[in-house]
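A.B. asks: I would like to see how this sequence folds:
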Amino acid sequence: MASDRLVVLIAEDSPADRMLLSTIVAREGHRVLTAANGLEAVALFEQERPQLVLMDALMPVMDGFEAARRIKQMAGEALVPVIFLTSPTESEALVRCLEAGGDDFLAKPYNRVILVAKIKAMERLRRLQATVLEQRDLIARHNEHLLSEQRVAKAVFDKVAHSGCLDAPNVRYLQSPHALFNGDLLLAAYNPSGDMYVLLGDFTGHGLPAAIGAMPLAEVFYGMAAKGHSMPEILREMNTKLKRILPVGVFCCATLASVSFQRRTLKVWNGGLPDGYLLRADGSREPLVSRHLPLGVLDAEDFDERCEVFPMAPGDRLFLLSDGVLEAENADHQLFGEQRLLAVFDANRQPQRLFDEILTAVERFRGRAQDDISMIEVGMMDVGTLSSAPVPFVDTGQQGPLDWSASFEFRAESLRSFNPLPFLLQLLLEVRGLRGQGGALYSVLAELYSNALEHGVMELDSSLKRDAAGFSRYYRERGERLACLEHGFVRFHLQVRGDQQGGRLELRVEDSGKGFDVARVLAEQERLDGFCGRGLSLVRALSKRCAWERGGTLARAEFHW
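C.D. replies: Sure, this is the predicted structure:
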C-alpha cells in the first residue's frame, strides 16, 4: 500500500553492501536514499527527512555514531529509527551504538528476511510514537481549553462568592486552595439590621464539580441574607436547592452562623463540619458541635434547620474551620486531630496570632497541609463600628406610592412557619424616601415582631436571659412553644403619607398577649447590661417616635424622611 511506503536512508561506505541493502529495501516497495559516509548521511537527512536510517557504524569523514547523534537531534520529538550495521563480535561498538541513539542492530552478513522484519518492526514503533505525540497534543489542547473555562468560571464565581463583608474589621480568615476551585466555600454578609451571617462550607470533590454547587449556594446565601430572611429560612432554601441540583454522593458539609451585634447573640447550625468554637474573652471556650447532616443530603420534609443560640460579650470570638486542619497527616499516617488544635488554643496568648500559630503547628506536624484549609474568626464589636450593606429593593423605575395604608394579621399557623419581615420590608422599600433608612427600619420591625411573638403571643419571660444557662433555656423553650403554637396573632398596620418636606411612616405592631408594665421595663433597661433588655431601647434609638399602648400589646413607631 502507498501509505506503507517509506523513505529509507542507507549510509554504508562499502559500495557492494550499499548496493545489496538498496536492492532488498527497494524490492519491499520503499524509496531508497544512499550515502557513502556520515557527513553525506546527515546532509541527506536534513534535505529529505527519511523515516528510517540504516547506518554503518565505521565510515570515513564522519563515523556512524556522530551521524546518528546529529540525526536524532534534528528529528526532535519524531521517532526516526536508526538500525546500525555492524559486526556482532564488536561488543564495544554495540555499546557505542546504543549511546549514540541507535534503536536496533543488523549483523553482517546481511539477511534479507531479518532486515525486512526489522524494518516492519521499526515502522510499527514509529507509527505508535506518532500516535502518542498526536494524542499528547490533543490532551494538551483539551487541558488548556478546560483551564480557560475554569478561569472564566472562577472570575464569575469570585464576583458571586466574594461580594460580602469578609473585609470587615472584626473578621479574619484564611483559605489555602489546592486547585483553581477548591472544595471549601467561605461567605459572609450583613442582613438589613446589621447582623453578620457567616457560612463555611466544604463540598465533596474539587474543581468545577465543587463550584457547580458553590455558586448557587452563594447566590441563595447573599440574596436571602440581604433581604432579611432568618437562618432557618436560608438553611431550608440552601438544602432544597442543593438536593435538587447535586448528583447522589455530592453534598456540602457546612456551618452557618449569625452574629447579632445589637442583641449580642450567636446563632449556629453545624452540619458535618468539625466543631467550631465560641472563644470567650476570659480564655474559656464553648464547642459548636455538628448536630445535623450536611446540606443537600435530606429531602425538605426531613431537614432539621434548628439552631443553637449563645450569648456573646465584647471580646468574644466565633472561630470556624474546615477539616483540612484536623485531617493533616504526618509520615506515620497520624492525623493532627482535635487535641493538638485545642493545645494551640490553650497556648495562645495573642488572639491576633491564633491563625499563624495553628498553621505553624500543622506545618511542624505534617510538613505541609494535606487538604484545603479554611478558617474564619468573627469578633463581637460595638454596633457603631460596623457598617452594613445597603438594603436591596425592587425598583420599578417610577415614583413610589406616598399615600397608602395596609394591615396584615398573622395567626398561629403562619407564625409557626412564616417569617413576615422580608415581605414587609420589600413592601415598605417601594417608598423611595424610606430606602436610606432600610437598616434601621428592618431592625425596628424585627425587634417589635420578636417582642410581640415571644413575649406577647408565647408569653416567654425575658428575665431568663440574665445568664448564659438561662439564655440557652430561653431559646430552647422558644422553639418548643413555637412548634406547638395553636392560638394568638401578630398584626402589622402600615400607614404612609407624603408631604411637601418628604413623608412619614407610622408602624403599629399589635399582639394577642397579656401585655407588660411598659414604664417598669423601660426603666429597667436603662440599668441592664446583661444578655437581655436591649430591645425596647433599640427601638427608641432608631425610630423618630415610639410608644407602647394598651398595656404593651400595641407598639407604635414612626419614621420620617
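
A.B. asks: Leu278 in helix, strand or coil?
C.D. replies: Put simply, Leu278 is strand when judged by DSSP: H, G, I helix; E, B strand; the rest coil.

A.B. asks: could you check how far it is from Leu174?
C.D. replies: Going from Leu278 to Leu174 by CB to CB, to the nearest Å gives 19 Å. (C-beta placed from N, C-alpha, C; glycine too.)

A.B. asks: more neighbours, the two?
C.D. replies: Leu278 (20 against 15; other CB atoms under 10 Å).

A.B. asks: ok, now how distant is the closest residue to the more buried one other than its chain neighbours from Leu279?
C.D. replies: Nearest residue to Leu278, sequence neighbours excluded (CB to CB, 6 or more residues apart in numbering): Glu286, at 4.3 Å. Glu286 sits 8 Å away from Leu279, going by CB to CB.

A.B. asks: one more: Phe410?
C.D. replies: Computed with CB to CB, the distance linking Phe410 and Leu279 is 38 Å.

A.B. asks: Gly479 too?
C.D. replies: Counting by CB to CB, the gap from Gly479 to Leu279 is 26 Å.

A.B. asks: more crowded one of the two?
C.D. replies: Counted by other CB under 10 Å, Gly479 and Leu279 do not tie: Leu279 has more neighbours, with 21 against 13.

A.B. asks: give the contact list for the more buried one.
C.D. replies: Leu279 makes contacts with 285, 316-319, 345, 351, as judged by CB atoms under 8 Å, 6 or more residues apart in numbering.

A.B. asks: among those, which lie within helices?
C.D. replies: If you go by DSSP state H, the contacts of Leu279 have Phe345 in helices.

A.B. asks: which among the contacts of Leu279 count as buried?
C.D. replies: Buried by 16 or more other CB atoms under 10 Å: 285, 316-319, out of those.

A.B. asks: closest one of those residues to Pro169?
C.D. replies: Arg317 (13.2 Å; CB to CB).

A.B. asks: what bridges to that closest one?
C.D. replies: On the basis of DSSP bridges, Arg317 is bridged to Leu279, Gly379.

A.B. asks: surely it is in contact with Asn348?
C.D. replies: No: in this structure Arg317 lies outside contact range of Asn348 using CB atoms under 8 Å: 11.1 Å.

A.B. asks: domains in this structure, by residue range?
C.D. replies: According to automatic domain parsing, the chain comprises the domains 2-132, 162-322+372-385, 403-560.

A.B. asks: nearest to Asn143, of those?
C.D. replies: Among the domains of the chain, domain 162-322+372-385 sits nearest to Asn143 (CB to CB), with 12.2 Å.

A.B. asks: shaky segments in this structure?
C.D. replies: Applying pLDDT under 70 to the chain picks out residues 1-3, 88-93, 157, 160-163, 177-182, 206-210, 367-371, 383-400, 522-534.

A.B. asks: which residue is most remote from the mean position of it?
C.D. replies: Ala16 (74.0 Å; CA atoms, centre = their mean).

A.B. asks: where along the stretch 401-550 of the chain do the helices fall?
C.D. replies: Here the stretch 401-550 of the chain has its helices, by DSSP state H, counting those that start in this stretch, at 412-417, 421-428, 438-450, 468-483, 518-525, 535-542.

A.B. asks: most tightly surrounded among these?
C.D. replies: helix 438-450 (a mean of 23; mean count of other CB atoms under 10 Å).

A.B. asks: where do the helices sit along the stretch 101-250 of the chain?
C.D. replies: 112-161, 207-226, 231-245.

A.B. asks: nope, the stretch 251-400 of the chain is what I meant
C.D. replies: Using DSSP H, counting those that start in this stretch, helices in the stretch 251-400 of the chain cover 323-326, 337-347, 354-366.
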